[in-house]
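Asks: Give the three-dimensional model of this entry:
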Amino acid sequence: MGTLIEFFSKLFDTSDFPARWYCGKWTSGHGWLHIISDLAIWGAYMAIPVVLVTFAFRHRKEIPYSNIYLLFAGFILACGTTHLIEAIIFWHPVYRLSGISKLVTASISWATVIVLIRMAPQAMELPGLKRSNTKLEREIKRRREAEKDLVETEKLFRITFENAAVGMAHVAPDGTWLRVNNRLSEIVGYTPEDLLQLTFQDITHPEDLNADLESYSKLLAGEIEKYAMEKRYYHKEGNIVWILLTVSLVKHENGEPDYTIAIIQDITERKTLEEASAETQRLLSTFMENAPSAMGVVELAPDNSDILHLLDNPAGERFFNVTEGGTSGKWSIEHLNMWPAAVQEWIENYRKAQRNQSTVNFQFQFIPPDSPVDSEQTLPLDNQIWLNVNMAYLGTGEEGRDRFCYIASDDTFRKQSEFRLQRSHDTFFHLIEAAPFGIHIVDDQLRMSQCSSGTEKLFGSADLLVGLSMDQIFTRLWGKQISSELMAVFQQTLTSGKSYTASDYSLYNLDNGKLEYFDWEIQQIILPDGKYGVVCYFYETTQWKEAELAARESESRLKLATELVKVGVVVCECENKHVILDKIAAEQYGLPSESALTLEEYRNCFFPEDRDRFDDQMHHAIAPGNQSTPTLEYRVVQKNGSRRWLGICMQVEFEISSTGSPEPSHWLIASIDLTERKRHEEQLDLARQQAEAANRARGEFLANMSHEIRTPMAALMGHVEILMTHLQDPDNRESVRTIKRNGHHLLEILNDILDISRIEAGKLEVEQTRCDIVQLLKDIDSLMRVRVDAHRVNFIITATEKIPKFVQTDPKRLKQILLNLVGNAIKFTHIGQIKVEVIFNSDESQIEFHVEDTGIGIPQEILSTLFRPFSQGDASRTRKYGGSGLGLAISQRLAGLLDGSITVESQTGVGSTFVVSLPILDKEELDLITLELDLPTAEEEQTVIRHLEGNILLVDDRRDIRFVGQHFLEEAGATVTTASDGAEAIRLVENAAEMGNEFRLIIMDVQMPKMDGNTAVMKLREMGFQTPIISLTADAMREDRERCLASGADDYLAKPIDKAHLVNKAASLICDITPEELKERRDNRAADTTEEGEA
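Replies: Now for the predicted structure:
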């Protein structure tokens, strides 16, 4: 550092030299001339380098050898510095600095010379001035033309810009709109002037702004050349506009961003279509995902050996039992292990669809790959799966295979219903064949088609009877004349549909020579082949008739014997106890005539069991003040061992003693032989027992038939109701309605048969309660209005005078009578009107219901048989209008049970009037009103089904019933647990109680194996469970229902199960009634039952 300081100090040291003014003889003028000239040269030399450097830097790209200018500037600057130092030396002799300056100037000068020498050859090659001018002129011309083209281009750009079909804009780096075209204004709804006051950020949707700004920043930073995106603008009106944006950057010459060019295309319509397409695709996908039917697209192998699955919905994958990986890309046989025979069946139908160029439908029994069987005949009914398949040809696939689509819906229920219906039909005919009384079916040729074991007892073996003409059978048994009469009846029933009944019909049997008695019932039926036939029910009443005749004969003999009887007399002394018998008495006791015995010997003649009673009678007779002489019956044993019945009465004879007081003297005993009467009574009792047994057998048969028919019908009707909720096709729904309608019709016929049987057996009871006549008539109108409107006849309910609002009768049975009568009127009336008129007859204290119609009328000759069971008068009417022939018979007998009657007046071609007359039992409390029925137009009522909550236990031995009941209850919101017998139900109830999750309701079937429902209910009540219980029974008898309630049930339901009744009754017991109220009801019923038993 010291050396450097010393160098510069020496460099500027002036001590060694004198100032130039003092060297030589300088005059002032000469000196200042040098000084001023040197300073002027220095000033010029300073200015020239500045100009050269500035020119060189600004035009270094336009002029050749621009670097030489910098070298010239350095040379001139060094020269100027030398002149400046020469002026300074006049005062400060810095010769050392001057020498160094000149050295630098000399170095730069020679460097310049060297550079120029090297540049000389290149400079020689440069064009001359003229040539340069020519080139310059051409360049100027080219630039002018370019400027003209630029103007034209700019004009064309402006026209294109303004009229472009897409939005275009110039946008500043900060997002401000610099220039916009008309299309962009149309897209966003702003005028160009409005847009120029905004930025693109102002109208961009917030959800798209960040992505747009991120791409915009990358474009400005030079990371990307352009970008494109779909985003949303806010329209001036507030709605959203979808656009496709393409942005590119325009830069300054220095590379800085100048502005961006934005191309905006309105894609709102496309987006809308895309969203609609996506929604359609989503709906289609959702439909396929959730459709209960299997759907898919497949291709067939060219050699028809297998089926390739391209697409199957979840339902299809479930059919093929595929849970992982799906079925896509898999072959039916190779990968899915389907039965080859089944696959071939599908292939044949696919090819059929291809040949016919139409949809093919077929029924297919699906057999899972893991099934142990491969045929319908060996697969159990409950395990069968049936598909209803529709398939169509789609064309050729990508790999040249034929492509098809299919839809397969589960048809199992319909198939199983057909099988079960056939099974029910077979069961019915099995019941016919097993019936103990006579049932035989005759075909349309009046030949024996089928018969019961009871028929075989009369006619012979069924193997010999089936196929024979009934004329041959009748002629063999009862002769030609009887056969002709019977064949005429059978023929009339077959052709006209008129039912025939006969009681105590007597026929002489040619085979055994005996007179036999029968009750006949003959009806027209439809055979399985669709033709009409005849079913004949007959009961051989010969034994009953003979017993009846014998009883009557015995009664006559007894009456005659009573008139001519001889009374035996026995006298017994009170004191000595000696007994004397007259001749008749001795014969009665089997003793010698006029025997004398002790009282003990006399007592020994009686049965040991009767002796105490005899002693009591003697003590009673001798008691003071006794005035009665009852006749008691005793059994005696004669010495020959024979036994006889005696009727004995006695009284005590008194004598006046020595004291003047009466004292007993002897017993006077009168006896009459009752042995013959007792024998007749025993015969009558036996006949009665036989008759009761026969009635019980018939009742048990009817109850069993009711159970056997109602139980499968319950399953059938329940599944029909379930099926209705799953079907959409009108034809399928109409088919199900047909099944349901005919099922109800079958149940109505069954109920009519049960009603008439209970009436004949004396077991149908009526319940006299307060009946609202107005409400009853409203119900009649509501129930029958639809049928009346279908027949296009007028229907009137009227009362010309005031009628009682309430009467004491059975509303249910009265409604049943009126519905039967109005239903018949509708059936036989096609023109005119049907009128129900109510008349109050105060004089006779009765109310009358007149059912008048303008129908076809009834011939007078058949009015007398109109109320017989299975009879409808004219057989042609039966054939034409149908019906069981039980309605009028039931109605008349119900009217009788109500202490009323039914009468009829009719004229053929004019109409009929049925009059139901009922007595008024509470005349004093009558409330007479004018009948006014404000009845709306009949519409199909919609039953409101309530919501259920909680766990319900459903108990039934039939799986079908459990399934239907569980479906109805769960559809209403309940959680259902099922059991198949009473014992299992008790275990489930106990387990639920232990877990603290007790059942809120129990629905218990009555007839079940292992433990029946009534027993299970009683055990649950004994165990202390107070859960509400509904008994479920297929029996329609009142006593069966009473047994259900007596066992501890809170309510009951009869099969078949009706969804609304089941759910609403369950909801009522769970929600409307407290457990305490239910228990109180059960206790009250138990108390009433106890009182009735004691009474």
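
Asks: mind listing the helices for the stretch 351-500 of the chain?
Replies: 412-434, 453-459, 462-465, 470-478, 480-496 (DSSP state H, counting those that start in this stretch).

Asks: can you check the stretch 901-1050 of the chain too?
Replies: So, for the stretch 901-1050 of the chain - with DSSP H, counting those that start in this stretch - the helices run 959-971, 982-994, 1013-1022, 1038-1046.

Asks: Just put the ones you listed in JSON lines and tack on distance to P608, mean pLDDT and mean neighbour count.
Replies: Bear in mind the C-beta positions are built from the backbone N, C-alpha and C, glycine included. As requested, the helices of the stretch 901-1050 of the chain are exported to JSON lines (distance: least, Cβ to Cβ, whole Å; pLDDT from 0 to 100; neighbours: other Cβ atoms under 10 Å):
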{"stretch": "helix 959-971", "distance to P608": "58", "mean pLDDT": "88", "mean neighbour count": "20"}
{"stretch": "helix 982-994", "distance to P608": "48", "mean pLDDT": "92", "mean neighbour count": "17"}
{"stretch": "helix 1013-1022", "distance to P608": "42", "mean pLDDT": "92", "mean neighbour count": "20"}
{"stretch": "helix 1038-1046", "distance to P608": "41", "mean pLDDT": "78", "mean neighbour count": "17"}
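
Asks: Any chance of TSV for those, columns distance to P859?
Replies: TSV is the format used below for the helices of the stretch 901-1050 of the chain (distance: least, Cβ to Cβ, whole Å):
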stretch	distance to P859
helix 959-971	47
helix 982-994	56
helix 1013-1022	51
helix 1038-1046	38
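
Asks: Nearest to K1079, out of the ones you listed?
Replies: When these are compared by Cβ to Cβ, helix 1013-1022 sits nearest K1079, at 9.8 Å.

Asks: Pull out the CA atoms of the closest one and give them to me as CSV.
Replies: Taking Å, rounded to 0.1, in the frame of the first residue of the first chain, the C-alpha atoms of helix 1013-1022 are listed here in CSV:
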residue,chain,number,x,y,z
GLY,A,1013,-101.7,-71.5,18.8
ASN,A,1014,-104.3,-71.5,21.6
THR,A,1015,-102.1,-73.6,23.8
ALA,A,1016,-99.1,-71.3,23.2
VAL,A,1017,-101.2,-68.3,24.1
MET,A,1018,-102.5,-69.8,27.3
LYS,A,1019,-98.9,-70.8,28.3
LEU,A,1020,-97.6,-67.2,27.6
ARG,A,1021,-100.4,-65.7,29.7
GLU,A,1022,-99.7,-68.2,32.5
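
Asks: Tell me what angle that helix forms with helix 982-994.
Replies: If you take axes from the mean of the first three to the mean of the last three Cα atoms, to 10 degrees, helix 1013-1022 sits at 30 degrees to helix 982-994.

Asks: Show me what helix 1013-1022 packs onto, helices and strands only.
Replies: helix 982-994, strand 1001-1005, strand 1029-1033, helix 1038-1046 (3 or more Cβ pairs under 8 Å, 6 or more residues apart in numbering; DSSP states H and E).

Asks: Make CSV out of the ones you listed and add distance to K531.
Replies: Below are these laid out as CSV (distance: least, Cβ to Cβ, whole Å):
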stretch, distance to K531
helix 982-994, 46
strand 1001-1005, 38
strand 1029-1033, 36
helix 1038-1046, 37
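
Asks: What segments of the stretch 651-800 of the chain are strands?
Replies: 662-673, 769-772, 794-798 (DSSP state E, counting those that start in this stretch).

Asks: how close does L515 get to E398?
Replies: Relative to E398, L515 is positioned 90 Å away (Cβ to Cβ, to the nearest Å).

Asks: circling back to that earlier point, comparing the strands of the stretch 651-800 of the chain, which yields the minimum mean pLDDT?
Replies: Here the lowest mean pLDDT among the strands of the stretch 651-800 of the chain goes to strand 662-673, at a mean of 85.

Asks: returning to that earlier point: so for L515 and E398, which sits in the more crowded spot?
Replies: Using other Cβ atoms under 10 Å, the more surrounded residue of L515 and E398 is L515, with 11 against 8.

Asks: mind checking the SS state of the more buried one?
Replies: Following DSSP: H, G, I helix; E, B strand; the rest coil, we place L515 in the strand state.

Asks: Run through the residues that contact it.
Replies: By Cβ atoms under 8 Å, 6 or more residues apart in numbering, L515 lies in contact with S506, L507, Y508, N509, T542.

Asks: Out of the residues you listed, name the ones that lie in helices.
Replies: Residues of the contacts of L515 located in helices (DSSP state H): T542.

Asks: Now the buried members of the contacts of L515.
Replies: The neighbour count (16 or more other Cβ atoms under 10 Å) marks L507, T542 as buried among those.

Asks: Take the contacts of L515 and write them to CSV, including pLDDT and distance to H235.
Replies: What follows is the contacts of L515, written out as CSV (pLDDT from 0 to 100; distance: Cβ to Cβ, whole Å):
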residue, pLDDT, distance to H235
S506, 77, 103
L507, 80, 101
Y508, 78, 107
N509, 78, 105
T542, 75, 102
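
Asks: Of the contacts of L515, which pair is most distant in space?
Replies: Taking Cβ to Cβ, no two of the contacts of L515 sit farther apart than Y508 and T542, at 11.5 Å.

Asks: Name the residues contacting each of these two.
Replies: Common contacts of Y508 and T542 (Cβ under 8 Å, 6+ apart): K514, L515, E516.

Asks: ok, so of those residues, who is nearest F413?
Replies: Looking across those and measuring by Cβ to Cβ, the closest to F413 is E516, at 49.6 Å.

Asks: distance of the nearest residue to the closest one once chain neighbours are set aside from E548?
Replies: Once flanking residues are discounted, E516 sits nearest to T542: 4.7 Å by Cβ to Cβ, 6 or more residues apart in numbering. To E548, T542 is 11 Å away according to Cβ to Cβ.

Asks: Now do the same contact list for the nearest residue to N1014 once chain neighbours are set aside.
Replies: Nearest in space to N1014, with sequence neighbours left out and distances taken as Cβ to Cβ, 6+ apart, is S1047 at 4.0 Å. Shown in contact with S1047 (Cβ under 8 Å, 6+ apart): G1013, N1014, T1015, V1017, M1018, R1021, S1031.

Asks: still on that earlier bit, tabulate the helices of the stretch 351-500 of the chain in TSV, adding columns for distance to D402.
Replies: Compiled in TSV, the helices of the stretch 351-500 of the chain are given as follows (distance: least, Cβ to Cβ, whole Å):
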stretch	distance to D402
helix 412-434	30
helix 453-459	61
helix 462-465	57
helix 470-478	61
helix 480-496	57
